[in-house]
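Chemist: starting from these lines, generate the structure:
(3 chains)
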Amino acid sequence: MTDPRARLERLASTLGRARVVRAVGVALGWALLPLAVLALSHVTLGFPTYRGIVAVAVVTALVAIAAPLLQGNAARVTAIDAALWVERREPRLQWTLVTLADADAVHDASLTAYVRTVAWDGPAFAEARRRVLRAAARLVLVVAAFAVALVPWRTRPDAGAAILRGTPSRATPAGADSPDAVSVTARLMPPAYTGVAARDVVLDGGVVDAIEGTRLALTGASGASRVRVTVREAGDSAVGGLVALDRDGDSWRATVRVGTRPLAIRVADGVADRSLTIAARPDSVPEVTLEAPAADVVTRDTTALIAIRGRAHDDIGLRDARIEWILTTGGGEQFASKVGVLGVRSGALGRETSVAGTLSLATLGTRPGDVIHLRIVAHDGNTVRGAQLGTSDTRTIRILRDEDSVAVEQLPPSPVDTSVISQRMLLVLTERLVGAERRLARQAVVDESRRIGQLQGRLRRQVGAIVFMRTGDNPSGEHAHFAGDGHDHTAAELARTPAPRTPASVLAAADRATAVNLALEDHGDETPIVAVNRPLLEAYNAMWDATRALETIEPAAAIAPMRSALAAIQRARAAERLYLRGAPPAVVVDVARLRLTGTDSARFEARTPLSALPDAGATLAARLDRALVLLARDADAARDSLRLVRLDALVARPALARALDDALAAIARGTDATGALRNARRLAADGASGVGASPLWSGALP
Amino acid sequence: MRSRADRGRVVATLLQGVAIACAAAAAWRLAHPTVAWPSAVTVDGDTIRAAEGVASRATLASLVATAPGESIRVRLRSVPSARVRGQLRALADAGAAIALTTPTPFATPAVAARVVDGPAPMATVLVAGDSSATYRIGDDAGALDSVRGATALHLASIAGSAHVRAPGVHAAAPVRTTTIGTRVFVAGAAGWESRFVVAALEEAGWRVDAALAVAPTVVVRQGEPVLARERHVAAIVLPGAPASTVRGLPAFVRGGGGAVLVGEAVQAGATSTLRAGAPGAVLAGEAGMEASDDAPRHGLDLVPIASLARGAVALEARDGTTAIAARRIGAGRVVQVGYADSWRWRMAGAEGAPDAHRRWWSALVASVVSPPMPVRPRLSPFDDTLDAAPVAALAATLPPVRIAPASMTPVRDAVSFPDASTLAVTALVAFMLAWVSRRLSGLA
Amino acid sequence: MSRFTFCTVQYESGDWDSAPLVAANVIDAVARFTSIDVAPSGVVVPLASDDVLRYPLIFLTGHLPVRFSAAERAMLTKYLARGGLLFVDDHNHDIDGPFHRTCTEELARVAGPLARIPTRHALYRSFFTFENGPPNTSHELNGWGDNLVHEHLLGAERKGRLAVVYSNKDYSSEWSFHPENRKFISVDNVRFGVNLVVYALTR
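Modeler: The predicted model follows:
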């Protein structure tokens, strides 16, 4: 046997361990008592909640475990305590072990020898170890009871609750503040020509404005392997397009270009989803206003100076502005034109600029009958899609001819028009005959030439009737008979007929008419006699020449006088033109007489069907309904869906987009959005709803 | 005299005995769960009351466990909620005999919903209920409208199922969808009306076979312009339609096809037998009204329907005359439209007029198409959230039962034997109290 | 009920009334070959007026430059969007003259850039068949001493059908004969006007 004191020290240590374990078990037991009471209350009354019980249990368990350990030396077992404990179980020691353990007592060797003769340590140690084991076993039992008491509570009520409630559990989405979410920087960079500085934006699901051509740069310092950037343009299908990433190790960069349609950008990294809506704003076309002249100009002065003044405005900046003019000269079928510019301004003109210039009609070399069109044009500085052109209204400057009328009253239809048409047709027929003369038989050429001659003669007489009627002479004077005309006339006929007429005498009569002092404007309801007659007389003479050539079977010689006659009639007709809001003559066609008299047979192809139009409104309405259904289950996903619907509605249904703005704002505030969403649904349905009109007819009409 | 220790030992021993007994009972209870059945319950909306006691969660949970042979009388004080209806159905499936009674009558709505899918999709919600009650109609996406009493609500679409709600009552029905054919036949003289009608129908998604007369022997055709029931679902006949193209129209309509007769086209031989009424003298439209938002057709010239044929129904009136009327003939439907130049509405109408004109024409044609019978949607027997007529559906689901008062088991107010969890916790408490007793009485 | 009425539009900048007999010639041809209910005379409607919307086919011609006012441009945009058809004919026998340059610029702003109408287009097969596309005029056939032949018409489509038909072929001159005198012409290309009307009424 080793030194009894040493043995006592060891025994004291073992007994101390037993005491500590037992103290912990006691403390846990005290903690379990209220826990058991709470559990009984939870099972029977439903109070408190499971979480509350667990919280109470954990706190009390920690306190219970800590308390005995904090007792420190109070829980320590000394050698004397151990000796007393042994003495009580082994009376043969007769308090010698206690004396030996007492450090203050006087010891002699006989005490030690006596203690060694008693086999006390074996049984004592065995008992001490049993105490430790018992205390540990109790502790284990308490912990096991602790666990058994807690675990089943999680499953038993929920099994029934699942049947009763029938509601699925909601997964808590990971927020953007999750430590694993990738940090993203977003920077909007407008095109350089706008002069607007780049700015940072936050991917918070909101909406930002950006002009066409802006680039959105997304960068991240980590997560290159799991970041996905998708962009969806308004009007496209629900599937977004992936944006290619530039990766450099774990960092990445993506660039999105803003076009003309709104964009929805989404950055997902498997932990958080962030989005941004960009409302694309197109660069507006410059607005140009022509301030002077304020209205069209009609003048006889070919030396006039026309002052031109205007303004141009652009939402970003103008590149140039100028006055453009087009001078058109001619008449009838022959016109020539010149173009030019003045008042040119170029460079960085800013958002507003003015343009001015003076158009000198004399410098342009204008003549009566000319027409000048002028306007102001301006280009903006758009470098994305190219400079855009804005134009002002056009002003028309008309230079009147001497014979022109500026009356605005509607005149009766002029028979001169039919003359124009007929003369043109005769000219065509004659040209064709000349072209085919070599191929045709002589008799055919003779017959055709005479036929055209007869038609030309008829037209000549019509023109003559107009001329003579207007000059106040006998309209049939052209065919008056006179001596020596080759006809057999009786003296009585000669006596009845007026003086013989020659083209020269007719022209003289017209000249006399020109001596009448009539202001051009003061002719009441009559046509301007002077202006019409002179060209008509020229036409009349030319027709005489053409008729003579055709009757002598020289069709080629008839072409030149025919053209002269046509030109003369054009002049006569133009003299009656009304420059301001006039009405041309109307020809009434006898439809009933002409109906189905055409001889050509129709030969045609079948009609091909048109394609159905995409119903953007119905698609939006269906997507809105799906988003609203989702709102009850997953508010975050529903809000994203509503934002995407709003994005597309910006283009197709602006009113719906505004209604969705109100609804999203209400949802974000946490207020009732029912009214706003109902309004949005009605706008999406676009009036396609109503209460049934008749109970007898199930087919509804909008 | 007993010492403190003796008393503590006795108490501890008793408590340990209780704990052991409770533990044993809990173990037995886990193996033999039982349900206590109340013989009568009162249902009021979402609440079940067993006799006069308050329902507990344990009672409700145990109600859905199996216990064949029990009889329960269910008194309905209002329309039971979907959850309660599901519980009652589960009880019936478990073998309980359930009898429904209504001590006091209450109003319960019924709803049916149908969607006809095609170029002019139209959803219809039919509501039957108390004529004095106001019902809120909605679908899975939210509220739609409020109506009074029985009515039919026409919508562009329905999301999910259709719901009807009033204070204390709720009914919901799944949507039955049918899809109609889209090929139609258009016949008329070449003119602006025929041109714009064909364009509107094609833009809306209808497939058009057309015969447009340009001259007596010249007809511009498209597709197969021979009217056939197996090919076309409807025929649109405009003034000037070639007689040969509409010769088979009466048989087509009687066989189930639809027809839209426009303006003076009803005066032709074949169409005159189908018209909904005789045409009257043309009424000029109100100048400029075609550009209005609310009554654009008031600006159109009108061939009024002077006298309705027997069985015809007036669908639209103007200035005291019938502008549009409908009629059933055989298995088919005919709509007669007095507006023969609706194209003016499209060209000169207000903002959105082309879309409105297209929708109007598409709806006209759809209204004469007889849709096929809808397929009843397959619902899970456990899906008790869609009851178009809740009480009737519940009664139809439950098996018929006759419960005589004498055969009912006595009312039991409380659960007779605790469940396993209660016993286990009681054992634990008893065990702990026993230990406390030993500690306090000095027993280590 | 509503008949086809030939409508010539009046615009502010040029000589819109340079071909007053085109209407009569087209009406004449339509009456001869079809049973289309056609008004016996044409009408003239200001391009900026709402009345334009009453005539789904309108005709525009002239010699002088064409510059639409803001109101004319807006009305024409609305007209074409709603399904109207504009037929434009350059009344000049030239190439790239002032009317052509200015009118095509204005039409591009309203209807988009003009493209050649292919010879197989339905327009050339809507009533009569013109295998080689638009029929030539007598100016082009006989020549004024030049070789100006425009072989194609230009057009702009909306929703699968022509909304603008633009011609440099000077049909305005060709169809300005008095209808009574057309019987002297062996091959009458005003039949193309019938194609135009039938296309507008059936496509």
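Chemist: strands along the stretch 1-150 of chain B, start to end?
Modeler: Along the stretch 1-150 of chain B, counting by DSSP state E, counting those that start in this stretch, strands occupy B:40-44, B:47-50, B:71-76, B:97-101, B:110-117, B:122-128, B:134-139, B:142-148.
Chemist: partner strands of the third one, parallel or antiparallel?
Modeler: Within its sheet, and counting by DSSP bridges, strand B:71-76 is paired with strand B:40-44 (parallel), strand B:97-101 (parallel).
Chemist: relative to the whole chain's centre, how far out is the last one?
Modeler: Centre-to-centre, strand B:97-101 and its host chain are 27 Å apart (CA atoms, centre = their mean, to the nearest Å).
Chemist: may I have that strand as CSV, with CA atoms only?
Modeler: Provided in CSV are the C-alpha atoms of strand B:97-101 (Å, rounded to 0.1, in the frame of the first residue of the first chain):
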residue,chain,number,x,y,z
ALA,B,97,-72.2,8.3,-41.6
ILE,B,98,-72.8,12.0,-41.9
ALA,B,99,-76.2,13.6,-42.2
LEU,B,100,-76.5,17.3,-43.2
THR,B,101,-79.2,19.4,-41.7
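Chemist: coming back round to it: can you lay out the strands paired with strand B:71-76 as JSON lines showing distance to residue B:155?
Modeler: Glycine gets a C-beta too; all of them are placed from N, C-alpha and C. Putting the strands paired with strand B:71-76 into JSON lines (distance: least, CB to CB, whole Å) gives the following:
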{"stretch": "strand B:40-44", "distance to residue B:155": "33"}
{"stretch": "strand B:97-101", "distance to residue B:155": "34"}
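Chemist: the strands of the stretch 1-150 of chain B: which one's closest to residue A:194?
Modeler: Using CB to CB as the measure, strand B:142-148 is the one of these that comes nearest residue A:194, at 42.2 Å.
Chemist: need the next SSE after the closest one, C-terminal direction.
Modeler: strand B:151-155 (DSSP states H and E).
Chemist: list the strands paired with that following strand, with their directions.
Modeler: Here strand B:151-155 has these sheet partners by DSSP bridges: strand A:690-691 (antiparallel), strand B:122-128 (antiparallel).
Chemist: I'd like the average pLDDT over it.
Modeler: When pLDDT is averaged along strand B:151-155, the result is 81.
Chemist: ok and that strand relative to strand B:142-148, angle-wise?
Modeler: 150 degrees (axes from the mean of the first three to the mean of the last three CA atoms, to 10 degrees).
Chemist: chain center to strand B:151-155, what's the gap?
Modeler: Put simply, strand B:151-155 sits 11 Å off its chain's centre (CA atoms, centre = their mean).
Chemist: residue C:80 belongs to a helix?
Modeler: Yes - counting by DSSP: H, G, I helix; E, B strand; the rest coil, residue C:80 is found in a helix.
Chemist: hey, where'd the helices end up in the stretch 101-250 of chain B?
Modeler: With helices called from DSSP state H, counting those that start in this stretch, the stretch 101-250 of chain B shows them at B:192-204, B:249-254.
Chemist: skipping adjacent residues, who's closest to residue B:273 in space?
Modeler: Distances taken as CB to CB, 6 or more residues apart in numbering or on different chains put residue B:250 closest to residue B:273, at 5.6 Å, once the chain neighbours are dropped.
Chemist: ah, wrong one, I meant residue A:16
Modeler: Ranked by CB to CB, 6+ apart and with sequence neighbours excluded, the top spatial neighbour of residue A:16 is residue A:77, at 4.0 Å.
Chemist: neighbours around that neighbour, how many?
Modeler: 19 (other CB atoms under 10 Å in any protein chain shown).
Chemist: and if you look at the one 4 residues further on?
Modeler: By other CB under 10 Å, the residues close to residue A:81 number 18.
Chemist: quick revisit: ranking the helices of the stretch 101-250 of chain B by burial, who's on top?
Modeler: helix B:192-204 (a mean of 25; mean count of other CB atoms under 10 Å in any protein chain shown).
Chemist: what's the average pLDDT for that helix?
Modeler: Here helix B:192-204 scores 96 as its mean pLDDT.
Chemist: so what does that helix touch, helix or strand wise?
Modeler: strand B:183-189, strand B:207-215, helix B:343-348, helix B:353-368, helix C:191-202 (3 or more CB pairs under 8 Å, 6 or more residues apart in numbering or on different chains; DSSP states H and E).
Chemist: what secondary structure does the nearest residue to residue C:171 once chain neighbours are set aside sit in?
Modeler: Distance criterion CB to CB, 6+ apart; nearest residue to residue C:171, sequence neighbours excluded, is residue C:89 at 4.8 Å. Assigned by three-state DSSP, the conformation of residue C:89 is strand.
Chemist: could you measure from residue C:89 over to chain A?
Modeler: Distance, residue C:89 to chain A, by CB to the nearest CB, to the nearest Å: 14 Å.
Chemist: identify the residues contacting that residue.
Modeler: Residue C:89 sits next to C:19, C:22, C:59-61, C:166-167, C:169-172 when contact means CB atoms under 8 Å, 6 or more residues apart in numbering or on different chains.
Chemist: TSV for those, including secondary structure and neighbour count?
Modeler: What follows is the contacts of residue C:89, written out as TSV (DSSP: H, G, I helix; E, B strand; the rest coil; neighbours: other CB atoms under 10 Å in any protein chain shown):
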residue	secondary structure	neighbour count
C:19	coil	24
C:22	helix	25
C:59	strand	27
C:60	strand	24
C:61	strand	30
C:166	strand	22
C:167	strand	23
C:169	coil	24
C:170	coil	25
C:171	helix	28
C:172	helix	24
